[in-house]
Each structure stands twice: as C-alpha cells, then as structure tokens.
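In: just to be clear, the model below is a prediction. Sequence and coordinates:
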Amino acid sequence: MGLLDILNTIQNAGAASNPRTQPAPTGPRTGQSTSQGMSPMAKALLALLAFYAMKNMRRADAPPTQPSGRPGGGGATAELPGGLGGALGGGGLGGLLGGLLGGAAAGTALNGGLGGLLKQLQDSGQGDVARSWVGTGPNKAISQGDLASALGGDTLDSLAEQTGMDRGDLLSGLSQYLPHFVDQLTPDGRVPTEDEAERLV
C-alpha cells in the first residue's frame, strides 16, 4: 500500500466519521477547491512528516557549535518549510515530499520525517505509544493533551494555519489518525529504509 492509498483511506474514514475533517467546498482565501480534494487531515499528516523531515535535515547539516534554539524557547522554533503552503495548496504528493526539500528524494523525506516524528514522541515520554504504532501488535491510543505536549504549540499552530483547521479539530484528528498512519507506513514493524520509503511514494 502506497502513501497516497494510506491517505485516501484516512480521508475516506474521516469523511464518514467526522464532517469537520472533510475538505471544504471552497478555500477561504482563493475561492477554489481546497487542495484538489485532499482533506485537511491528510494535509496535516503530510505536513507533519515534511516538518520533521526538514528538521532532521537541518540538524544533520548544523555545525556542532550552533546554539540550540532561542533563549528560554526550549529548542528550535518549529516552522513548516517555506514552500509547504504552496505544495499543500496544489495537493501534489511528489511536489510536497520530493521538491519541498530542495531536491531531496521523496523516500529520504518520508524516511527522515517519520524517524524524526517518532524520535520527538520518544523524547517527550511517548516512546511506548510510538513503538506500538510501529510494531505489529495493537496501536496504543494517545490523548490530545499528550500529543499536544509532544508536538509543541508552534508546530500545531503552523499545521492549523496550513490546513485551515482549528487547533482543537487538528488535535482530535491527529490523535485519531496518526497511530494508523504510522502503523501503515511501518508494515514490517520498523521505519522503512529510504529505498523502501521511495516505493511507498
């Protein structure tokens, strides 16, 4: 099952169970169909992977003497990649994961984004939950509060802005669909290699 199939499954399940996660008939700023039918929740899941892929790439390129984040900020400021809004608005999966990262292969982006997201969850005390999503057993649930703490307010605000969802709906949807999304992206009970991730895209 490819990434687009996984997102379509989530989108269809979300449309059936939660009218707030359906795509709006018109975009608030453009008056056009939002993201060519991609639901806000599907956009949020892709944006989350893209954010952690960018963060992972920046960390790999950063010199060891670089200061860590802003004073009192508890780490680097969470910002979505600059081209993300346009990529999400166009709904192009290849454009989002491939072109977004300055020519990085889509498999590299997917692998790095998923790995970065799982590390963030582990670092915030949600390692057991994240491991259950990757493993072959049942997925443990995550509360909206725990997910909000793990991802951080800046990330959630950026996701809400990019998807047009309010923060409560975004957290509700992510806590419901993120376990299944990660589970489907890790069919072998581990994060896929870059080559395996490339085949998913």
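Out: Structure received.

In: what's the separation between the residue nearest to Gly127 when sequence neighbours are not counted and Arg131?
Out: Counting by C-beta to C-beta, 6 or more residues apart in numbering, the nearest residue to Gly127 once its immediate chain neighbours are dropped is Leu121, at 6.8 Å. C-beta here means a position set from N, CA and C on the backbone, and glycine is covered the same way. Note on Leu121: its distance to Arg131, by C-beta to C-beta, to the nearest Å, is 9 Å.

In: count the neighbours of the residue lying closest to Val201 once chain neighbours are set aside for me.
Out: In space, and not counting its chain neighbours, Val201 is closest to Ala106: 4.1 Å by C-beta to C-beta, 6+ apart. For Ala106, the count of nearby residues is 24 (other C-beta atoms under 10 Å).

In: local confidence estimate at Ala106?
Out: With respect to pLDDT, Ala106 scores 72.

In: correct me, but it touches Glu198?
Out: Yes. Contact criterion C-beta atoms under 8 Å: Ala106 and Glu198 qualify, at 6.2 Å.

In: and Leu121 and Arg131? Which one has more around it.
Out: Leu121 (23 against 15).

In: mind giving me the packing neighbours of the helix or strand hosting Ala47?
Out: Following DSSP states H and E, one finds Ala47 within helix 40-61. Where contact means 3 or more C-beta pairs under 8 Å, 6 or more residues apart in numbering; DSSP states H and E, helix 40-61 is packed against helix 3-17, helix 84-90, helix 93-97, helix 106-121, helix 153-163, helix 167-185.
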